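Participant: model the structure of this input:
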Amino acid sequence: MKMKMKLNKFMYREQYEFLQKTLKNDELKLDEEKVEKETDGKIKEEEELVVKEKDEEKNEEEKPDEKKIVEENEKKKKDEFYSSSMESLSKVMIVQGIGDMSLKSLATLLSVTDKSPKEASLGIIKSMTGIDAKEQMREVTRIKSFIQAMDENMNGKLDSLIKKIDVMYGKVHKITEKMDAIAGKLHNITEKIDGKLDGNLTQKMDAIDRRSAGPRHGPTRP
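Facilitator: Numbers count the residues shown, from 1 in each chain. Got it, this is the predicted structure:
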């Protein structure tokens, strides 16, 4: 470091002397003290930079591995989950009369030690019931998505159809009312016609009866 400082100082000195020789204008001559101060300042900055770099390297070496910490925390969470799951399952199996089973043998049987909590749960369900819950969940999701898409696509159409049906119902209702009114009028007309026909026919029949049933006289003698 000292050699570097001397070298830098020498280089700045060489530059200063070169400038002193080349600059002929007295007003543009550099102040020796100023050059000396700037030289010392730059050397000090370099020293501080070196110290800072060393400190950063040291801190980087001492800094804990965040990735490793995250992995350890994840492993700890999984272990806790498996432990509680295995314990719960063991109790369930005892209650159901399946038989007591150690947590270790149960974990070995289900082979969930390297799976995520969700996959472990699905594996446990499949091992105990034979049902592929993962596929069932996929099927439910597909059906749900289909219904949702169908509802979104048909929503406007159904509303429009319902409105048209309402309008048609109103028109049909009005037509039926008119038809009822017409039927009522026709009924009245037919009643009147029937009444008149019946009356006329009755009168005519009575007249015919009277004529046919009139007094009969024998042949008149001259």
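Participant: tell me the phi and psi of residue 69?
Facilitator: Note on residue 69: its backbone torsions stand at phi -60, psi -40 [degrees, to the nearest 10].
Participant: let me see the domain layout of the chain.
Facilitator: Residue ranges for each domain of the chain read 2-52, 72-131, 132-208, as given by automatic domain parsing.
Participant: could you tell me the least trusted of those domains?
Facilitator: Out of these, domain 72-131 stands lowest, with a mean of 56 (criterion: mean pLDDT).
Participant: count of residues packed around residue 42?
Facilitator: Residue 42: 13 surrounding residues under other C-beta atoms under 10 Å. All C-beta atoms are positioned from the backbone trio N, CA, C, and that covers glycine.
Participant: how near is it to residue 51?
Facilitator: Remark: distance between residue 42 and residue 51 (C-beta to C-beta, to the nearest Å) = 15 Å.
Participant: please tell me how far residue 70 sits from residue 164.
Facilitator: Distance, residue 70 to residue 164, by C-beta to C-beta: 61 Å.
Participant: apologies, that question was intended for residue 143.
Facilitator: Per C-beta to C-beta, residue 143 is found 30 Å from residue 164.
Participant: swap in residue 203?
Facilitator: For residue 203, the distance to residue 164 - C-beta to C-beta - is 58 Å.
Participant: just residue 180 next, same as before
Facilitator: According to C-beta to C-beta, residue 180 stands 24 Å off from residue 164.
Participant: repeat for residue 43
Facilitator: Here the distance between residue 43 and residue 164 works out to 91 Å (C-beta to C-beta).
Participant: tell me which of those two has more neighbours.
Facilitator: Neighbours around residue 43 and residue 164, counted as other C-beta under 10 Å, are more numerous at residue 43. The numbers are 17 against 10.
Participant: neighbours of residue 47, how many?
Facilitator: A count of nearby residues for residue 47, using other C-beta under 10 Å, gives 13.
Participant: now it: which helix or strand?
Facilitator: Element membership of residue 47, judged by DSSP states H and E, is helix 32-62.
Participant: again, but for residue 67
Facilitator: Taking DSSP H and E as the definition, residue 67 sits inside helix 66-95.
Participant: before we move on, what about residue 146?
Facilitator: Since the elements are taken from DSSP H and E, residue 146 ends up inside helix 133-212.
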